[in-house]
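Engineer: Build me a model:
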Amino acid sequence: MHSHDRAILRGAAVPAALAGAVLLLVSGLLAGASGVLGAGIGVGVVAAFFTVGLVVIAWASRISPQTMMMVAIVTYMIKIALLAIFVVAFAGTSAFSTTAFAASVAVSTLVWVGGEVRAFSRARIPYVDPTVTRP
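Structural biologist: Residues are numbered from 1 along each chain as shown. You can find the predicted model right below:
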């Protein structure tokens, strides 16, 4: 993983962790223990999905741009499928607050993506390979 990939991961994970703490607090105040559990699961799902996605895409970027794009699309499809399976499996559960889960997934996703965009825009990533020479 390149240093700019680590910086982007930090730039997304830190604000998402702070937002996650706020989400846990608010969910606990509004829905009690089931709210905290629902928000915790939601924040955990978002953190796991985005972290794994970023690590896998960073690995694929070392192979080729075409491989990176293919891996990004497949990773996205897998994440959406897993989230859909999770939502269907726990649709009628009373073990945790599904409202807190949904809200924490939405807010955590927005904060994570915003952090990634901010970190990426500040990273100095060359868009050309300086080692490649023209014939």
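Engineer: Now residue 75. Nearest residue, chain neighbours left out?
Structural biologist: What sits nearest to residue 75 in space, not counting adjacent residues and going by Cβ to Cβ, 6 or more residues apart in numbering, is residue 53, at 4.9 Å. Where C-beta positions appear, they are placed from N, C-alpha and C, glycine not excepted.
Engineer: do the same with residue 91
Structural biologist: In this structure, residue 91 finds its nearest non-sequential neighbour in residue 98, 7.7 Å apart by Cβ to Cβ, 6+ apart.
Engineer: what residue ranges in the chain score low on pLDDT?
Structural biologist: Within the chain, the ranges that satisfy pLDDT under 70 run 1, 126-130, 132-135.
Engineer: mind listing the helices in it by residue range?
Structural biologist: 3-31, 33-61, 65-89, 98-122 (DSSP state H).
Engineer: Make a markdown table from those helices and add mean neighbour count to it.
Structural biologist: Converted to a markdown table, the helices of the chain look like this (neighbours: other Cβ atoms under 10 Å):
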| stretch | mean neighbour count |
| --- | --- |
| helix 3-31 | 17 |
| helix 33-61 | 19 |
| helix 65-89 | 13 |
| helix 98-122 | 18 |
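Engineer: Would you mind giving these as CSV with distance to residue 131 added?
Structural biologist: Formatted as CSV, these follow (distance: least, Cβ to Cβ, whole Å):
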stretch, distance to residue 131
helix 3-31, 17
helix 33-61, 15
helix 65-89, 15
helix 98-122, 22
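Engineer: OK, contacts around residue 53?
Structural biologist: 72, 75-76, 79 (Cβ atoms under 8 Å, 6 or more residues apart in numbering).
Engineer: Tell me which residues touch the most centrally placed residue in the chain, please.
Structural biologist: With distances taken as Cα atoms, centre = their mean, residue 50 lies nearest the centre of the chain, 2.5 Å away. For residue 50, the contacting residues are 12, 16, 109, 112, 116, by Cβ under 8 Å, 6+ apart.
Engineer: If we use 10 Å, what do you get?
Structural biologist: 9, 12-13, 16, 79, 108-109, 112-113, 115-116 (Cβ atoms under 10 Å, 6 or more residues apart in numbering).
Engineer: Could you export those residues as a markdown table, including distance to residue 3?
Structural biologist: Listed next are the contacts of residue 50 as a markdown table, based on distance: Cβ to Cβ, whole Å:
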| residue | distance to residue 3 |
| --- | --- |
| 9 | 11 |
| 12 | 15 |
| 13 | 15 |
| 16 | 20 |
| 79 | 25 |
| 108 | 25 |
| 109 | 25 |
| 112 | 20 |
| 113 | 21 |
| 115 | 17 |
| 116 | 16 |
